[in-house]
Structures are given as C-alpha cells and as structure tokens.
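>>> Structure of the sequence below:
(one chain, ligands or ions: 1)
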Amino acid sequence: MASPILEVEDLTVLRDNDSPLFSNLSLKLSQGEVLVLKGVSGSGKSTLLKCIAELNLYEKGGNIKLYGKSSKEWDIPNWRIKIAYVPQRPSLLPGTPLDFLTTIQNLNARQKISKDSKEDVKRIDALDLAQEWGIEKTLWRRDWGTLSGGESQRIALSIAASIGGADILLLDEPTSALDPESSKKVEESLLSMLPPVQGQTTLHNGIQRKGTGPKALIWITHSAEQAERVGTRTLDLSRH
Ligand SMILES: Nc1ncnc2c1ncn2[C@@H]1O[C@H](COP(=O)(O)OP(=O)(O)OP(=O)(O)O)[C@@H](O)[C@H]1O
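Here you go, the predicted structure:
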C-alpha cells in the first residue's frame with residue numbers, strides 16, 4: 001500500500017476554557033481518498049480542517065505531516081499551496097474573486113515548490129470550471145460581498161480545484177448554499193478530478209476518475225446522502 005499523503009497524529013485542540021475540543025485524534029489520508037468529516041455542530045470539524053491547513057491559532061498538540069514532512073520543513077506558504085482550505089463562507093473575503101485568483105496565482109508562481117514541480121501545469125481553468133457550474137464570467141469582477149452564498153461557494157471551489165500543486169482540498173460544507181442539482185454537478189466534477197485508487201477508475205458512485213486535479217479530499221457535510229455519495233471513508237468527530 002502506498003504511503004499516505006497526509007498523517008495526523010495525536011492531535012489535541014483545547015477550547016478557550018482549556019477543555020479539549022478533541023484529543024489524540026489521528027488519521028491518514030491516501031491518494032484518491034475522500035474522507036468525510038461528520039459530527040454535531042460545534043464538535044470541531046472546521047477547527048480540524050483549519051489545523052490541517054495551518055490556519056488555526058489555537059493551543060494544540062500533536063503532529064501533522066504531508067508526505068512525511070512537517071509544515072516547518074515545508075514552510076507555511078508551500079504547505080498552504082499543497083493543502084487548500086475552502087471556507088464555508090468565502091463571501092467574507094475582501095475585493096473581487098478575480099483579484100483573489102490573481103493573488104493566488106502570483107503567490108503560487110513565486111513559490112519554489114511550483115517551479116520545481118513537474119505538476120506545474122495549469123490543469124484546470126477556474127473560470128471555465130465555474131462556468132460549467134453555472135457561474136457567468138462577469139461575476140468574477142463583482143465584489144465577493146455582492147455575490148450570493150451559492151455563487152461565492154462555487155467560485156471559491158473552482159479556484160481551489162484549479163490551483164496547480166494543490167494536492168489536498170479541505171472542503172468545509174462546500175455545497176451548503178447550493179440547490180440539489182448544482183450540488184450534484186459540483187460533486188461530480190470534483191470527484192472526477194481525483195486519481196484512480198489501486199487502478200480502479202470508477203468507484204462506488206460510478207464517477208469516472210480522471211486524475212486531473214487534487215489527489216485527495218476531506219469533505220465536511222451534514223448530509224448523510226452526500227456523505228454516502230462522495231465519501232470513501234467517514235470520521236465522526238462527535239466521538240473524539
Ligand atoms: N475563533 C474562535 N474563538 C473561540 N472559539 C472558537 C473559534 N472558532 C471556533 N470556536 C469554537 O470551537 C468549537 C468548534 O467549532 P467548529 O467551527 O470547529 O465546529 P464545527 O464542528 O465545524 O461546527 P458546525 O457544524 O456548526 O460548522 C465551537 O464551540 C466554536 O464556538
């Protein structure tokens with residue numbers, strides 16, 4: 001079995017009152033996997049994603065490794081290119097989606113990791129992908145704050161899925177603001193970008209994997225049906 005892409009070992013996060021939000025949490029994520037995170041509201045699902053993305057300022061203990069190296073060894077900007085966090089409410093960002101895309105592309109181009117990487121090929125165009133999901137290109141020039149929840153969600157997802165070098169996407173309820181039809185479209189294209197697992201190009205949901213995007217996903221959802229469709233594995237944070 002191939003070594004995992006991501007390893008979380010004995011992660012403990014404390015709340016403001018020093019009681020643990022979760023403790024000694026360990027998980028591994030391998031190529032092609034979609035780990036669904038579920039759990040009651042407030043159980044720490046978003047916090048776990050933010051820890052993995054190195055966006056959490058909480059007191060914490062434990063180790064998180066990407067391809068066997070810590071974020072210190074990678075450097076935080078490189079880590080954040082390899083692991084992209086898509087927040088639940090991207091509309092809180094300043095400026096327009098186009099500004100944001102340009103900033104990310106510039107940052108990505110400056111990082112050594114993408115210069116050295118053989119995968120430094122722009123695999124997917126964010127504007128085209130969002131258009132497939134029903135987002136007109138003119139919306140990219142509007143302020144985030146003027147977009148609907150579903151529009152900003154699809155735009156943020158298309159940016160994350162198109163970043164050259166993002167191996168893991170951390171998706172925080174990525175379709176919570178979408179109607180069921182748009183939600184399925186987004187699910188299908190995200191899953192189709194993943195690589196095959198042990199030579200299998202079609203998994204339980206019948207979606208053909210093309211390996212054109214990220215290598216694995218962690219996906220928060222409150223929907224049991226969505227978890228069933230997208231997940232290859234589930235972790236319930238209410239139990240930690
Ligand atoms: N910046 C913060 N400062 C203080 N407490 C916080 C902060 N962010 C999160 N929390 C608290 O940590 C706990 C876990 O929050 P988190 O957002 O990780 O839960 P969740 O499982 O993702 O919830 P939901 O399903 O409602 O989105 C909650 O009690 C929340 O109030």
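>>> Could you use CA atoms for every contact and neighbour count after this?
OK.
>>> Which residue ranges of the chain form helices?
45-52, 71-74, 76-82, 97-110, 112-116, 126-132, 149-162, 180-192, 224-230 (DSSP state H).
>>> Let's have the ones you listed in CSV, adding distance to the ligand and mean neighbour count.
Formatted as CSV, those follow (distance: least, C-alpha to the nearest ligand atom, whole Å; neighbours: other C-alpha atoms under 10 Å):
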stretch, distance to the ligand, mean neighbour count
helix 45-52, 4, 22
helix 71-74, 21, 14
helix 76-82, 19, 20
helix 97-110, 23, 16
helix 112-116, 30, 14
helix 126-132, 24, 18
helix 149-162, 15, 24
helix 180-192, 18, 18
helix 224-230, 14, 16
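>>> can those helices go into a markdown table with extra columns for mean pLDDT?
What follows is the helices of the chain, written out as a markdown table (pLDDT from 0 to 100):
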| stretch | mean pLDDT |
| --- | --- |
| helix 45-52 | 94 |
| helix 71-74 | 93 |
| helix 76-82 | 89 |
| helix 97-110 | 83 |
| helix 112-116 | 48 |
| helix 126-132 | 94 |
| helix 149-162 | 93 |
| helix 180-192 | 93 |
| helix 224-230 | 95 |
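>>> export these to TSV and tack on distance to I168?
Below are the helices of the chain laid out as TSV (distance: least, C-alpha to C-alpha, whole Å):
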stretch	distance to I168
helix 45-52	10
helix 71-74	14
helix 76-82	6
helix 97-110	15
helix 112-116	15
helix 126-132	17
helix 149-162	9
helix 180-192	12
helix 224-230	15
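>>> closest one to A216 among those?
helix 180-192 (9.2 Å; C-alpha to C-alpha).
>>> List of residues touching the closest one?
Contacts to helix 180-192, defined as C-alpha atoms under 8 Å, 6 or more residues apart in numbering, come from residues W133, R154, A161, T175, I207, Q208, R209, K210, G211, V230.
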